[in-house]
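>>> everything below, folded, please.
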Amino acid sequence: MATLVTLDASALRDGAPGRAGVLRDLDDVCRDAGFFLLRNHGIPGGLWEAMLEVSVRFFERPAEEKEAIDLRGSSNFRGFSRMKNLRDWREQLHWGWEWPQGAWTEGRPEYYRLAGGNPWPDPAFALVVSDYMKAAQGVGLLLLRALAGCLSLPTGYFDPSPDEPPYLLLKQICYYPQSGSTPRSGVAPHCDWSWITLLLQDATGGLEVQDSRGDWLPVPAEPGVLAVNTGELLEILTRGRYRAAPHRVINPGSRRRISVPTFINPPLAARVEPLEFPGAVPDRPIGPPGADHVHRVVPRGVDCGPFTFGESEWRRKGMGLWCHDAQCRGA
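So this is what the prediction gives:
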């Protein structure tokens, strides 16, 4: 059985000893697994600990307090939601970078409706989450700049646009404990619609990632270590050279599980234009025949051509077109 690769983020910084070797390791793991663990990422221990703590405290609040910021009352899909079905067994919070209210105006693309503010439950909570988002964005940019080097792209290829911020998203998720003897799905197998995703998790366990042979590997929950996976956007950009890693959560039993994924994305107006270079493998299968369905926005191997990220995101959220129905279209 394959084992998970652990990388040292400090070695990816400019001028770090051994950087060239770590870049090769990063390129290899993104090609083969699309998933790795990241140490020494630079997010202060006090901050990631505070992030987990405010998450725990929020999900302990009475239902009416959580529902007061229900996502269904938000014009840009921020706030609280609850999912209890066969594939998903959790409640969660959705946040993003704050934009001035009214970022969408008549005549602008519909996807700017996704911009705006967050319905924070209180100022202290907002401060911790905002500080964590800023720190996670920095880690994401470090990784993307390293990946630009691996792909022989300009160093600043993935850098934020001067015209608008990246569409960073963060979730705080509480997977419900369960009483049955058979562990059930907390979130069904899926790939992320992102460049990359950085996951902070508590010590409960339950996260699994599928390797290129179709085997599910448990992801260790180590304090302060981030789990990183490449998303569909990066797979599309590289025409399959990099693999979007399927992952899932199997609820571990009587304990709740807290996780905080940060989705590192381009700006809404950014164009995703698949690269032209040798070595792409667009039709590489995931898993053996008959394996569990893996939720993807775009089926593996579909060449969807250049598209505007915001339009794909609006189809997913504003139009509710999920799992293969929101295939990219040129714009």
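
>>> look up the closest residue to Pro154, ignoring the ones flanking it.
Spatial nearest neighbour of Pro154, excluding adjacent residues (Cβ to Cβ, 6 or more residues apart in numbering): Ala148 at 6.6 Å. Where you see a C-beta, it was placed from the backbone N, CA and C, and this is true even at glycine.

>>> is that neighbour part of a helix or strand, or is it coil?
helix (DSSP: H, G, I helix; E, B strand; the rest coil).

>>> wait, doesn't it sit right on Phe158?
Yes - judged on Cβ atoms under 8 Å, Ala148 makes contact with Phe158 at a distance of 5.9 Å.

>>> so between these two, which is more surrounded?
The neighbour count for Ala148 versus Phe158, taken as other Cβ atoms under 10 Å, is higher for Phe158 (24 against 16).

>>> how far away is the more buried one from Ile264?
9 Å (Cβ to Cβ, to the nearest Å).

>>> relative to Ala203, how far out is Ile258?
Distance from Ile258 to Ala203, by Cβ to Cβ: 9 Å.

>>> err, Ala146, not the other one
Separation of Ala146 from Ala203 (Cβ to Cβ): 28 Å.

>>> higher neighbour count, the two?
Shown here are Ala146 and Ala203; by other Cβ under 10 Å, Ala146 has more neighbours (23 against 12).

>>> hang on, the earlier thing: need the residues touching each of Phe158 and Ile264.
141, 144, 195 (Cβ atoms under 8 Å, 6 or more residues apart in numbering).

>>> which of those residues fall in strands?
Of the shared contacts of Phe158 and Ile264, none are assigned to strands by DSSP state E.

>>> who wins on neighbours among those residues?
Trp195 (25 neighbours).

>>> shouldn't it be in contact with Val228?
No - contact between Trp195 and Val228 fails when scored by Cβ under 8 Å: they sit 10.9 Å apart.

>>> report the backbone C-alpha coordinates of the helix or strand bottoming out on mean pLDDT in the chain in PDB.
Among the helices and strands of the chain, strand 185-190 carries the lowest confidence by mean pLDDT, DSSP states H and E, at a mean of 86. Taking C-alpha atoms only, strand 185-190 is exported to PDB below (Å, rounded to 0.1, in the frame of the first residue of the first chain):
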ATOM      1  CA  SER A 185     -20.000   8.900   5.400                       C
ATOM      2  CA  GLY A 186     -19.300  12.300   6.800                       C
ATOM      3  CA  VAL A 187     -18.600  13.600   3.300                       C
ATOM      4  CA  ALA A 188     -18.800  11.400   0.200                       C
ATOM      5  CA  PRO A 189     -15.800  10.900  -2.200                       C
ATOM      6  CA  HIS A 190     -15.100  14.000  -4.100                       C
END
